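[1] Predicted structure and sequence below. I'll ask about it afterward.
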Amino acid sequence: MTIFFLFYNLPSVRQSSNRELTLISYFDVEFNSTTEYENLFIYLFIILYLYQSNLYQYQQLSISDSLKENNQIISQTRALLLLHFMIIIIYYHLFEINNMIIIISCLLVGVFADKYAVLVAGSAGYENYRHQSDVCHSYKTLIRNGYKAENIIVFAYDDIAYNKYNPFQGTLWNRKSFDSQNDNVYDGCVIDYKRDDVSPQNFLYALSGFQELVPEGKRVLNTTSSDHIFIYFSDHGSVGLLVFPNDFLYEEEMSATLKFLYENKKYEKLVYYLEACESGSMFLNLPAAWNIYAVSAANERESSWATYCPPDDIYDGFAIGTCLGDEFSVNFLQDTDNQAPTETLDQQYQFLRDNTFGSHSLQWGDLSYTSDNIQEFLFGDQPQNSTQQKINKENVTRWDSRDVRLNYLQNKFQKTQQMSDLIELQEEKKSRELFDEFFNQISSSLKLKGDHHKSTNQKCLKQTIREFENSCFKFSDYGLKYIKYFAEACDNHLLNQVQDAIALKCLIK
């Protein structure tokens, strides 16, 4: 049949076994020698044969020896079943040509549905080593799991691997050295957006498929309603916002972009893992109807925590000098590296919830498909052999993310005893004192309770933060914990009073 050979060029069909293609070709050649009813039964028999044959192979596979093969079998079976149903429909002229084209298009969309990922490390500075280490680890995990490199977009400032303080130049380590299997996650990590290109605007444009970035050499998503999207973000945050090196991403901006993706049918399902302090505040208004399943490292009231911090920052007997990963992120990545692709999203969440000790990981949005396998979002079609890594069960050192810079500088000075490092440490302590003093005074004068953990008036919050940073000082990793006071003041219509307080108390530029 001409129709069969027309669709034979589907990649997943070309990969099918010779035994299956020989069987199909035999019946195709002999079509004219049978009646129409016999033809129908022949094709139904082929479909059942292919399905049962492939299903049997899939069930016989052990997880340890064939992650790659089971995905190939699934894709082959799906493609072959769809192909032969199409042939039946066409051969018996069950539908008019226009309807038939629609049916074929829908079936082909199912065959060609794909998976995409956007991975973001939003920080800079050696003390924030862990964020870029988390993201490069996630990139290598997806590649090892069979993702296409062209379907992954990575944001990272890229100032850590060759930082002058890095004792192992050109490397990033995401866990303490246990054995020779420890992976340099920077090796092979392809970063698309670096330095000042790591911005909220570019992140939202890349998600939205903003084609104007393409002529500049930037990569953006180009997804369909049948595709799955995975977003992973690792950085600092606060009430109603996430931090980038030179700017903030506000909850309403992120929500507007997710809404755009949903309304323009840019995905079938979207999974969003968010590592940041008070990260739960970014999902308080996430509608379940958008088919987005989100997991936050922390609730809307607390910090997230770093892990493998000094003295557990060791690789090959040497100290890296700062935390190697974030607790939630390391748990998610090590679990994905070690578990079968048949683990469900909910099973992975249970692991994260039970093993993230510093904060409370939470689920948000559409929970209707948490029974889906992680394979649907974290695995591609042709995974490589899995690298089993030891999941740390020790009581390793963990630091509150708000205190990482202070602890990093203290640890650094203790080792070097250099005056320049002492000055930098003293400046950090002074900065913390200034934040404490200002917000203690403003909370007292405006009678703010400090227990406000959402931001409904984001326009006011943006304006207040901008005026504070212009008149006083930039928000530090530590100072971010006080943004909840600005959010509370804005939501209680106290903008003018906050502006007066800023003008009165900020005498230091």
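    Happy to help now that I have it. Note that the coordinates shown come from a computational prediction; the quantities given were computed from them, not determined experimentally.
[2] just for the chain, where's the confidence low?
    1-113, 178-181, 382-394, 507-509 (pLDDT under 70).
[3] By residue count, what's the longest helix in it?
    helix 419-445 (DSSP state H).
[4] Could you name the helices and strands sitting against that one?
    helix 404-416, helix 483-491, helix 495-505 (3 or more C-beta pairs under 8 Å, 6 or more residues apart in numbering; DSSP states H and E). Just so you know, the C-beta spots here come from the backbone N, C-alpha and C atoms, and that holds for glycine as well.
[5] of all the ones you listed, which gets the most neighbours per residue?
    helix 483-491 (a mean of 24; mean count of other C-beta atoms under 10 Å).
[6] what does that helix contact?
    With C-beta atoms under 8 Å, 6 or more residues apart in numbering as the test, helix 483-491 has contacts from 238-241, 278, 439, 442-443, 446, 448-457, 460-461, 464-465, 468, 475, 495, 497-498.
[7] Buried ones among those residues?
    238-241, 278, 439, 442-443, 446, 448, 452-455, 457, 460-461, 464-465, 468, 475, 495, 498 (16 or more other C-beta atoms under 10 Å).
[8] Keep only those of the residues you listed that are in helices.
    F439, I442, S443, C460, L461, T464, I465, F468, L495, V498.
[9] residues in contact with the second one?
    Under the criterion of C-beta under 8 Å, 6+ apart, the neighbours of I442 are L448, Y485, A489, V498, A501, K505.
[10] ok, those vs G125, which is closest?
    Y485 (25.1 Å; C-beta to C-beta).
[11] Return the distance of the closest one relative to F439.
    Applying C-beta to C-beta, to the nearest Å, the value for Y485 to F439 is 5 Å.
[12] of the helices and strands packed on helix 419-445, which approaches W173 most closely?
    helix 404-416 (15.9 Å).
[13] what about the strands in the chain?
    Here the chain has its strands, by DSSP state E, at 115-121, 152-155, 228-234, 237-238, 241-244, 247-250, 269-275, 292-296, 305-307, 314-315, 318-319, 325-326, 362-365, 399-400.
[14] Serialize those to a markdown table and add fields for distance to E212.
    Formatted as a markdown table, the strands of the chain follow (distance: least, C-beta to C-beta, whole Å):
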| stretch | distance to E212 |
| --- | --- |
| strand 115-121 | 18 |
| strand 152-155 | 16 |
| strand 228-234 | 20 |
| strand 237-238 | 28 |
| strand 241-244 | 20 |
| strand 247-250 | 19 |
| strand 269-275 | 23 |
| strand 292-296 | 25 |
| strand 305-307 | 37 |
| strand 314-315 | 42 |
| strand 318-319 | 45 |
| strand 325-326 | 33 |
| strand 362-365 | 29 |
| strand 399-400 | 40 |
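[15] Ok, which of these comes nearest D134?
    strand 228-234 (4.3 Å).
[16] Give me the residues contacting that closest one.
    113-122, 130-131, 134-135, 138, 142, 207, 221, 223, 242, 261, 266-276, 326, 329, 376-378.
[17] Now a ChimeraX select for only the buried ones of those residues.
    With 16+ other C-beta under 10 Å as the criterion, this ChimeraX line picks the buried residues out of these:
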select :114,115,116,117,118,119,120,121,122,130,131,134,135,138,142,207,221,223,242,261,266,267,268,269,270,271,272,273,274,275,276,326,329,376,377,378
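[18] and I153, bridged to which residues?
    Under the criterion DSSP bridges, I153 forms beta bridges with V118.
[19] so who does A206 touch?
    Contacts of A206 (C-beta under 8 Å, 6+ apart): V118, I153, F155, Y193, L213, K218, R219, V220, L221.
[20] any idea how far I191 is from L213?
    15 Å.
[21] so what's L221 closest to, chain neighbours aside?
    Leaving aside its chain neighbours, L221 sits nearest to G209 (5.0 Å; criterion: C-beta to C-beta, 6 or more residues apart in numbering).
[22] I'd like to know how many residues surround that neighbour.
    16 (other C-beta atoms under 10 Å).
[23] pretty sure it contacts K218?
    No - assessed by C-beta atoms under 8 Å, G209 is found out of contact with K218, at 11.5 Å.
[24] Span of stretch 281-299 from start to end?
    7 Å (C-alpha to C-alpha, to the nearest Å).
[25] Same check on stretch 488-502?
    Start-to-end, stretch 488-502 (C-alpha to C-alpha) is 16 Å.
[26] Assess the claim that Y478 and V404 are in contact.
    No - the criterion here is C-beta under 8 Å, and Y478 misses it with V404 at 9.2 Å.
[27] Would you mind measuring from K265 to F377?
    18 Å.
[28] for D187, that is, sorry about that
    24 Å.
[29] again with D312
    Applying C-beta to C-beta to D312 and F377 gives a distance of 30 Å.
[30] does W364 really touch L286, like I thought?
    Yes - W364 is within contact range of L286, at 5.2 Å (criterion: C-beta under 8 Å).
[31] between those two, what contacts are shared?
    A294.
[32] does the spatially most central residue of the chain have beta-bridge partners, and which?
    Closest to where the C-alpha atoms of the chain average out (C-alpha atoms, centre = their mean) is Y232, at 1.6 Å. Legend: beta-bridge partners of Y232 under DSSP bridges are L119, Y273.
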